[in-house]
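Engineer: fold the following and give me the result.
(chains A, B, C, D and E)
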Amino acid sequence: MENSAGDSHRRRPRRRTAAGAVPGTLIAAPGAAKTNVEVIAFGPDGFERIVLATKELATFTTSYPAVWVNVTGLADLDVLTSLGTRFNLHDLALEDVINTHQRPKAEEYDDHVFIVARMPLRNNFSKTEQLALFVGGTFVITFQEKPGDWFDLVRSRITENRGRIRRSGADYLAYALLDAVVDSYFPVIEQLGEEIDKLETFILGDNSGDALERLHRAKRKLITFRRAIWPHREMLNALMRTDSLVFGDTTQVYLRDCYDHIVQLMDVIETDRELISDLFDIHLSRVNLRMNEIMKVLTIIATVFIPLGFVASVYGMNFDRSVSPWNMPELAWRFGYPFALGLMAAIGGGLIYFLYRRGWLTRDEGNHRRSAPKSRGR
Amino acid sequence: MENSAGDSHRRRPRRRTAAGAVPGTLIAAPGAAKTNVEVIAFGPDGFERIVLATKELATFTTSYPAVWVNVTGLADLDVLTSLGTRFNLHDLALEDVINTHQRPKAEEYDDHVFIVARMPLRNNFSKTEQLALFVGGTFVITFQEKPGDWFDLVRSRITENRGRIRRSGADYLAYALLDAVVDSYFPVIEQLGEEIDKLETFILGDNSGDALERLHRAKRKLITFRRAIWPHREMLNALMRTDSLVFGDTTQVYLRDCYDHIVQLMDVIETDRELISDLFDIHLSRVNLRMNEIMKVLTIIATVFIPLGFVASVYGMNFDRSVSPWNMPELAWRFGYPFALGLMAAIGGGLIYFLYRRGWLTRDEGNHRRSAPKSRGR
Amino acid sequence: MENSAGDSHRRRPRRRTAAGAVPGTLIAAPGAAKTNVEVIAFGPDGFERIVLATKELATFTTSYPAVWVNVTGLADLDVLTSLGTRFNLHDLALEDVINTHQRPKAEEYDDHVFIVARMPLRNNFSKTEQLALFVGGTFVITFQEKPGDWFDLVRSRITENRGRIRRSGADYLAYALLDAVVDSYFPVIEQLGEEIDKLETFILGDNSGDALERLHRAKRKLITFRRAIWPHREMLNALMRTDSLVFGDTTQVYLRDCYDHIVQLMDVIETDRELISDLFDIHLSRVNLRMNEIMKVLTIIATVFIPLGFVASVYGMNFDRSVSPWNMPELAWRFGYPFALGLMAAIGGGLIYFLYRRGWLTRDEGNHRRSAPKSRGR
Amino acid sequence: MENSAGDSHRRRPRRRTAAGAVPGTLIAAPGAAKTNVEVIAFGPDGFERIVLATKELATFTTSYPAVWVNVTGLADLDVLTSLGTRFNLHDLALEDVINTHQRPKAEEYDDHVFIVARMPLRNNFSKTEQLALFVGGTFVITFQEKPGDWFDLVRSRITENRGRIRRSGADYLAYALLDAVVDSYFPVIEQLGEEIDKLETFILGDNSGDALERLHRAKRKLITFRRAIWPHREMLNALMRTDSLVFGDTTQVYLRDCYDHIVQLMDVIETDRELISDLFDIHLSRVNLRMNEIMKVLTIIATVFIPLGFVASVYGMNFDRSVSPWNMPELAWRFGYPFALGLMAAIGGGLIYFLYRRGWLTRDEGNHRRSAPKSRGR
Amino acid sequence: MENSAGDSHRRRPRRRTAAGAVPGTLIAAPGAAKTNVEVIAFGPDGFERIVLATKELATFTTSYPAVWVNVTGLADLDVLTSLGTRFNLHDLALEDVINTHQRPKAEEYDDHVFIVARMPLRNNFSKTEQLALFVGGTFVITFQEKPGDWFDLVRSRITENRGRIRRSGADYLAYALLDAVVDSYFPVIEQLGEEIDKLETFILGDNSGDALERLHRAKRKLITFRRAIWPHREMLNALMRTDSLVFGDTTQVYLRDCYDHIVQLMDVIETDRELISDLFDIHLSRVNLRMNEIMKVLTIIATVFIPLGFVASVYGMNFDRSVSPWNMPELAWRFGYPFALGLMAAIGGGLIYFLYRRGWLTRDEGNHRRSAPKSRGR
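Structural biologist: Numbers count the residues shown, from 1 in each chain, chains lettered A, B, ... in the order given. Now for the predicted structure:
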């Protein structure tokens, strides 16, 4: 029962700018995190990590062929406008950086591509944050909402010169970052899959009412993830179809790989969706079967004992035997009482036989609390 | 339980012209609002707000490069015909202005584009009105059904010269108006989302029968909004794909942004739809679980007390002990009564143990009125 | 409960020609109506209404540039073959005229276009008839199944020279007829919408079992209308995409308008479909809620009175107090009876308190017959 | 309850060749029917029916421009290989002739087109057999699984020279055969439609449990037919789009007509599907309504008589009136008994009034066995 | 109840490489099987089977025009890197070989095509393993996860020179392997179809609660198979559309055949899906019908005996007849007791008649345990 306020929040993209406001207006979100700028410039021969103040952003230079400017926290709008001026970024794109409820997408501008992605938070899988990327010929600028990301391995690939990243320029770096984002969903989806497996065992084994709420929570998570992951596919597709010169042919092959991962994720999500919906149906059906079981017990008891009670009541009537020999003569029989008991036994036995013939005395399999769940062999 | 007559009205587009009538016939709607015309002419250097009588519409001139004619209320058909003649508007388009149940769409004519959009009313989110736009090289003509719109910020952008609107001509103004229309749906959808959240808490917490009607109302609103919003996507798409020279390249970028907002809205609406449908299923399932609970109580009471009542009835029979020693000798035992009570206690205890073994005496979780909803942590 | 045999009939297109028969074989339908031919020739300068016998059809001439041959009733096959020869119509198209269960479609032949549409009957909205049109450069030939159509206004537009119809040739006439057909669905769909609104009020207010059959009937109508209307969209699309020279550029604009109307109709139908399906779910849920209510009453009564009855039975046992002081001494207590009544009152009160705590004594809202439906504010 | 083993069999295409076997391997199906070859050669001037032994197939000649080789029964593989060699048929196509569970499809080879269709058996509509066609410039070769087909009218069109078939060559013959196949489904679908109509009357009128199995059988048939019919659409589409010279322009027009028939069939099938699914929902709902009715009777009886029984039990208690005036003094009242009866009448009356107010004593319409179904007017 | 851990495992593709790792990193899976390499070189004139050590892979030569390197077990990464270097395979493709949860796909590289397929295990149909193929002009390299495959017939076609495989080069070999993979699904799907048939008989005949779990298991298998089979379609499509020179025109025809098989499989799977869903609905409905039956028995018993019991209780009241003639005079009637019995018989009879009129004493067909299932004729 973790706090899912994040979901609710994400569900409703509040636009801070009123309807009709100037597009490209930059207004910082109320709770935006403190801004940190990290600059890594690199080339085949080496790299440098530069620490820059906000005002230096507009003028810094580097001799390396590729530079990655990573901005974490969106409180300081000056950083955005400085970078926007320096790298000639479009106003509308900058507005989207600030409005952190964008759908993942890729937009081509004259000399750069603007990409929006979403990644799960490291410390809370059920929330996602927006990652905005500007990719130009020699630069990648990333904007994250909060500190903490999935890029440490990318950083170390640059600093320790592993793989082809240092040799391959800005477009490959952008790919590497997107790939890290996509791969970050795998543990998230895996965790959800495990939850669903547990639910399956739970519902198939022992149908407690709490299942309903757990199913709803799982489904809700699934909807959230699907909504976050699905548009990445479109975004990567757009990057692969684009005529832009930003992403070279070599990197295209890698984008295709990244695209495959997204398709794989969607595949799992669709399967999970079908499973959840199936489990819901099974849960519903179990509730009905249980009702049958309950009703059967009631019916058996009532069917057997109500007629018997009637017989006993008859012999409890107070007709005056002294007035007439027709009035309840059996009460005065020598074996009246054993006869009455026998009559009741016969009626009871008959009714039980009738119920037995209907198959109501044998229990439906699959309908009872399983006392030995391990025998299910799953 | 607000008045949703608006919905019903919107649901059925009544055509005032009979089948087979001349297309382009203009017949004012019975309840059309009084017509007001507001003209704003503007250019990079300034603007003027001209007040014109209906007959002046056909002849007024302005030195500014762009003019916005905003007509509010559709009662006065002369205004339409004057403007139609003056700006060479197509008859079919003018007919659509009057028939205010058009789907949002964009139609290209020789020298202008005709756009239909729908926007929620400012004072009643659950109703929408039609906004018809004619966009030419130097003019934008808008027709609104009722007074009150979402364009005040656009107006002040012109009058106070904020942003690029004064510099950018009629096509940018048209974009600005469409953007205001699209953005006006965000608070509407947000409000609906909050209603759904409340319903979720309500249904998961405490299943009162009233939920059904609230779910239906929410779903109905959703259907209405979806129907209003969805075709805007197509409309913007048409504007972006059009070869028309009306919308310049610079404005195209902005249209794409507007298109993104629509996609975002649809995304939220689809999610809400899935949530409502899920909540409906959960509601149904809760009703069933409740029935189980009710039946269980009935079954427990009946199972325990009907057999006991039978035993008591047996000892209430009036067999004549004086006739024969076989007739109910236990009534004369020294400890007959305690024995009978003990027998009943034993039977009752046995039945309770049987029910306990079946797990019917423990309550299903998730099935009871939660007395401490805050513990749910949402 | 009107006769819906029409629906059933329409549902199953019986082919009168056996499998393998020569295509283009003309066999009159058994119940085909008597054939009437009405010819209207017209041009910008005037019009004439010619009455022709069947044999004259092959040879009549007119000086007007456009001619409309309107055939009502399909019993007389000679009319078809005469017209077929005269206007060079394709055999397969003529066969489709006779087999009146065609889907609406448009087929291009060398020098004419063959169009099939369906229109509701004027006197029975729940049935439709087939309208077949042949449109050539200078002629429109229409075939209707039965007398009575929606074209009176089109006729008077020709005779009274209203609108551009006299100036615009055969293609515009064909458009005008199709537009009349499409517009004829609006009152039909409106009527259905009103039925659904009534059903909504009915189901939300007071859940009588009859709702089920009414829902089914409404759904069935909807399916029928959807099946009739939907293919018109495709047909108009084909006419708009066609390279044929039959429909000129000017008329294309009007076809687009007609297409919009179809889309609008489909929009309403889809919304109605969702509403009906929602109402069905709500109906089902109401039935379940009602069951809960019924079970609750039963459970309350049984839970309270079965234990009380048991207590009373105990004190009705006939143990012989004279034999032993252990046998039912309470019967001889001074306040035995009041004690017993008190005991029963206590048990009854306790059970009622238990049920009250469970919330079963308060009625679910939304579950009862609403005595004041007007308070719902619709 | 006819034998539907045919369905089950068809459902699972068993491949006789093991995974990895040489493609094009011909192995006769175990139960294949005895092979018969019928050859009809024809031209505008006449026709001849040639009877050929298997070994003659490879060498026979005819002076007529078109020849139809119709093979019935697939037991004799030599026939296939002879024809394959003679007409240069592809191995893979021949393998598909033998494996009679192909989906309908059209495949283009260098100088011929291979078509697979399915047609219902003449004597058992619920089974279909495969029809394989090879169509070349001057020949049509057909392979049927079993004797008996829908082609008698086609044969007589050749022999009696009706229509254009003798003048039109092999491609028109192929069309004529496909058209006969498609048209053979109309009576099948009509029969199913009548079954569904009966089911509708049955379910709306009187809800017997057997409905479930009949619905399932109807749905299963529908699934089978849809699966058989649907791919014909694709197949005809492929034939119409093909660049192959086999089907000439004149025949293309006829193929379009055939395509329309398929679309018409699918239309009916989709409608039937919706109807069946709707009927299923209604059946389910009826079952629930019935349960309500049953529960209501139980509740009414129990609610009225359990409290009354309690009152009677109270006055059946044996408190000793002689001990104390507090012990059941009412037993000795002069009008004690009438008072008790009156009390019971009052309680019973009150309860009945309470139930009446709840509306439980009036029966839900639509819920009872209709004794006068004709009044439903269908 | 076999172990379905395989399913669960397959459902969640775990990526062994962390998010952000260098793409193309090769890390052996923990439980990877021991690696075996089998090399078969062949040509029209003969073949040789070469046994190679890992280090020889980089350098071995053969005089035959085509070579098939089949690697079983993925524990030894050196084999991969050797082959990768020798045949110039792409790093990303090699990574996919190791990550054995790829979706089936085909990727074109400069001089080879990389294909991923999945095939069911020979000894456990409910699990699948990944088959990776690299196809170049003169080589096919396959990687299997585990020993045991479906290729024995392909091997013998090479060694025994059956069919055209020896003459046709590497692309035909690749086709032959893919065809074997696709055909291996037929027995799997057939087995599942038989399970569903059994379930159908089971559910239609005798509704035991266990059906639910069996339905769920069948559905789950279906989802798994669909997920495994479906992407093969896309993969084959990609191979057929590719411009690559690897697959020649002759082989394309065969690929089309293979594609058809996949479509056939999907067809069966979709039909099975509909059947399962239908069976689920029927199962649910049966549960409800059963409940009706149970409730009816309860209602009949209670309706008849509760009023009778009440009458008996009335005559069991102890009003003192000696006090007043009004107190239960019937107890002293001469025929009081027979009258009482008669009264009860009349009431009971009346109630039974009432129930009979409602049709509740006749049993619903289709609702009882069928004692003679063979009479169902299926």
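Engineer: for A:Trp68, which three-state class applies?
Structural biologist: Here A:Trp68 is recorded as strand under DSSP: H, G, I helix; E, B strand; the rest coil.
Engineer: what do you get for A:Ala41?
Structural biologist: strand.
Engineer: ok, it touching A:Tyr64?
Structural biologist: Yes: with contact defined as Cβ atoms under 8 Å, A:Ala41 reaches A:Tyr64; the gap is 3.9 Å. Bear in mind the C-beta positions are built from the backbone N, C-alpha and C, glycine included.
Engineer: longest helix in chain A, please.
Structural biologist: helix A:249-314 (DSSP state H).
Engineer: and the next helix or strand after that one, which residues are buried?
Structural biologist: Once the chain leaves helix A:249-314, the next helix or strand it forms, by DSSP states H and E, is helix A:336-357. By neighbour count on 16 or more other Cβ atoms under 10 Å in any protein chain shown, the buried set for helix A:336-357 is A:Gly336, A:Tyr337, A:Ala340, A:Leu341, A:Met344, A:Gly348, A:Leu351, A:Leu355.
Engineer: what sits up against helix A:336-357?
Structural biologist: For helix A:336-357, the surrounding residues in contact (Cβ atoms under 8 Å, 6 or more residues apart in numbering or on different chains) are A:300, A:303-304, A:307-308, A:311-312, A:315, A:330, A:333, A:361, B:314, B:317, B:319-320, B:323-324, B:326-328.
Engineer: picking up where we left off before, which neighbours do A:Ala41 and A:Tyr64 share?
Structural biologist: With Cβ under 8 Å, 6+ apart, A:Ala41 and A:Tyr64 have common neighbours A:Phe47, A:Glu48.
Engineer: buried ones among the contacts of helix A:336-357?
Structural biologist: A:300, A:303-304, A:307-308, A:311-312, A:315, A:330, A:333, B:314, B:317, B:319-320, B:324, B:327-328.
Engineer: still on that earlier bit, go back to the contacts of helix A:336-357 and keep what's next to chain E.
Structural biologist: A:Thr303, A:Pro307 (Cβ under 8 Å from any Cβ of the partner chain).
Engineer: ok, the helix or strand hosting A:Thr85 near chain B or not?
Structural biologist: Assigned by DSSP H and E, A:Thr85 belongs to helix A:77-87. No: judged by Cβ under 8 Å from any Cβ, helix A:77-87 and chain B are separated, with a smallest distance of 15.1 Å.
Engineer: any idea how far that helix is from the chain center?
Structural biologist: Taking Cα atoms, centre = their mean, to the nearest Å, the mean C-alpha location of helix A:77-87 is offset from the chain mean by 36 Å.
Engineer: low-confidence ranges in the stretch 151-300 of chain A?
Structural biologist: Scanning the stretch 151-300 of chain A for pLDDT under 70 picks out A:206-209.
Engineer: can you name the residue of it nearest chain C?
Structural biologist: Nearest residue of the stretch 151-300 of chain A to chain C, counting by Cβ to the nearest Cβ: A:Leu298, 10.0 Å away.
Engineer: from chain B, how far off is that residue?
Structural biologist: Per Cβ to the nearest Cβ, to the nearest Å, A:Leu298 is found 4 Å from chain B.
Engineer: tally of neighbours for that residue?
Structural biologist: 23 (other Cβ atoms under 10 Å in any protein chain shown).
Engineer: which one is it nearest to, not counting chain neighbours?
Structural biologist: Nearest residue to A:Leu298, sequence neighbours excluded (Cβ to Cβ, 6 or more residues apart in numbering or on different chains): B:Thr299, at 4.2 Å.
Engineer: coming back round to it: among the buried ones among the contacts of helix A:336-357, which are within reach of chain C?
Structural biologist: B:Met317, B:Met328.
Engineer: quick one, domains of chain A?
Structural biologist: A:23-283, A:289-366 (automatic domain parsing).
Engineer: closest to E:Leu133 out of those domains?
Structural biologist: Nearest of these to E:Leu133, taken as Cβ to Cβ: domain A:23-283 at 16.3 Å.
Engineer: phi, psi of A:Arg49?
Structural biologist: phi -110, psi 110 (degrees, to the nearest 10).
Engineer: that one touches A:Val37, doesn't it?
Structural biologist: No: under the criterion of Cβ under 8 Å, A:Arg49 makes no contact with A:Val37, lying 11.5 Å away.
Engineer: between these two, who's got more neighbours?
Structural biologist: Shown here are A:Arg49 and A:Val37; by other Cβ under 10 Å, A:Val37 has more neighbours (21 against 13).
Engineer: quick one: contacts for the closest residue to chain C within chain A?
Structural biologist: Nearest residue of chain A to chain C, counting by Cβ to the nearest Cβ: A:Gly316, 7.0 Å away. Residues in contact with A:Gly316 (Cβ under 8 Å, 6+ apart) are B:Ser313, B:Gly316, B:Met317, B:Asn318, C:Gly316, D:Gly316, E:Ala312, E:Ser313, E:Gly316.
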